[in-house]
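> Requesting a structural model of the entry that follows:
(one chain, ligands or ions: 1)
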Amino acid sequence: MGVFILLLSLGGFGRDSSKVFAFSPRKLYEGLEKLSEQLPKMWWDRRCLAPFRPQDITALLAPNLPITIKLQASEETLSFVVPVRGALNSGFGFRWGWQFHYGLDIDLHWGDTVVAAMDGEVRLAGYDPGGYGYYCVIAHPNGLETVYGHFSRLLVTPETQVKAGQPIGLGGSTGLSTGPHLHFEVRFLGEPIDVSALIDFPNGQLLERELHLSRETFGHLKTLRNAVYHTVRPGECLSVIARRYRVSVGYLCRLNGLSPRSVLRVGQRLRIR
Ligand SMILES: [Zn+2]
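Residues are numbered from 1 along each chain as shown. Down below sits the predicted model:
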C-alpha cells in the first residue's frame, strides 16, 4: 500500500490528483513498496535528474505482474498530449554501436512550441551544456516523469504546475545536439522507458491509453550490464579486433553499423557484445 498512499499525499498536483492516480495497490510488489519511503525525496529533489534510481529495477517488479499506468482516461482529468509533432529520427536503444540512447528524438523546427505531455509539476529546469542543453523534468501524478531536452528557450521554472498541452519550451539544439530536435524521455523511478510503440509522433496521437511496466520493459538494462566495449588502438583494424574477441567481422559490423571496409579511428569505441 506504501507507494499508493504516499503518492496521493504528496500534494502539489491539485485536488483532483486522486482521480488521475493509476497505480493499483494490489499489484504492487513488496520490493516496490519498500521504495515508498524514498519517493518523496526523489520527487522533490531540485538538483539531480535521477536522485533515486534503483540498482536493478527489474528486481523490484513482480514476475508476470505488470504495473499498469494510465496515460489517458475517459475523464478529462487525465490526458496525454504529444509534446511536439514530428518525425521520430532516433529511437530508444543502442546507436552508433556503443552509445545507448535513453529517449526519443523528434524532429522540429527552431522555435517550435513544445508542450507538457501530461499534467504535473516541473521538478527540474535548467541548462546542461554537455547533454540536454536547456531542459526540464516534469513529475506526473501517475508515477511517471517526462524529460524534455535541447530547447532554445525554457518557458517554465521548477515548481511550475503544468497542464497537459501547456507550452514548456521552444525547440532548439542546445547541449549535445547536431540539429534542432526534441529529446523526449519517459521515466519510472528514474529509469527511462521506451514509449515509441505508444505514441504516433508525426500525427500527434497516443496509440495506447495504458503503459504496462514489467521486467521486460527494462530488459535493455541487462543488455547494457553485459555489454563489452573496445577502444581502437593504433594499428588495429576490424579483423584484428574480431580475432581478439573471437567474433566475426560481420558480427562487429552489424553491432556497430559499420561496413567491413570501414576505416577505424584511434580512440573509436566499438561494442563487442
Ligand atoms: Zn536524444
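> Residue 224 in helix, strand or coil?
Here residue 224 is helix, with the state taken from DSSP: H, G, I helix; E, B strand; the rest coil.
> Please look at it and residue 100 and confirm they touch.
Yes - taking contacts as C-beta atoms under 8 Å, residue 224 lies within contact range of residue 100: 6.1 Å. (Each C-beta comes from the backbone N, C-alpha and C, glycine too.)
> With neighbour numbers in mind, choose between these two.
Between residue 224 and residue 100, counted using other C-beta atoms under 10 Å, the more crowded position is residue 100 (15 against 11).
> Show the backbone phi and psi for that one.
Backbone torsions of residue 100, given as degrees, to the nearest 10, read phi -100, psi 130.
> burial measure for the closest residue to it other than its chain neighbours, as a count.
What sits nearest to residue 100 in space, not counting adjacent residues and going by C-beta to C-beta, 6 or more residues apart in numbering, is residue 94, at 5.6 Å. A count of nearby residues for residue 94, using other C-beta under 10 Å, gives 18.
> average pLDDT across whichever strand or helix holds residue 94?
Residue 94 belongs to strand 93-95 when elements are defined using DSSP states H and E. Strand 93-95 carries an average pLDDT of 87.
> and it, what does it pack onto?
Applying 3 or more C-beta pairs under 8 Å, 6 or more residues apart in numbering; DSSP states H and E, one finds that strand 93-95 makes contact with strand 99-101.
> For the helix or strand just after the strand it packs on, list the C-alpha coordinates in CSV.
Downstream of strand 99-101, the first helix or strand assigned by DSSP H and E is strand 104-107. Output of strand 104-107 as CSV, limited to C-alpha atoms (Å, rounded to 0.1, in the frame of the first residue of the first chain):
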residue,chain,number,x,y,z
LEU,A,104,13.3,9.5,-28.5
ASP,A,105,14.4,12.3,-30.8
ILE,A,106,11.6,14.1,-32.5
ASP,A,107,12.2,16.4,-35.5
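> separation between the residue in the chain sticking out farthest from the centre and residue 260?
Within the chain, residue 235 marks the point farthest from the mean C-alpha position, 38.0 Å out by C-alpha atoms, centre = their mean. Distance, residue 235 to residue 260, using C-beta to C-beta, to the nearest Å: 18 Å.
> burial of the residue in the stretch 1-150 of the chain that the ion sits nearest to, as a residue count?
Here the stretch 1-150 of the chain gets closest to the ion at one residue, residue 105, 4.2 Å apart by C-beta to the ion. By the criterion of other C-beta under 10 Å, residue 105 has 23 neighbours.
> Just give the closest residue to it, not the sequence neighbours.
Using C-beta to C-beta, 6+ apart and skipping the chain neighbours, the partner closest in space to residue 105 is residue 90 (3.8 Å).
> Just the buried residues of stretch 82-101, please?
For stretch 82-101, the neighbour count (16 or more other C-beta atoms under 10 Å) marks 82, 83, 84, 86, 88, 92, 94, 97, 98, 101 as buried.
> Looks like the second one contacts residue 112 (just checking).
No - with contact defined as C-beta under 8 Å, residue 83 does not count as touching residue 112 (10.2 Å).
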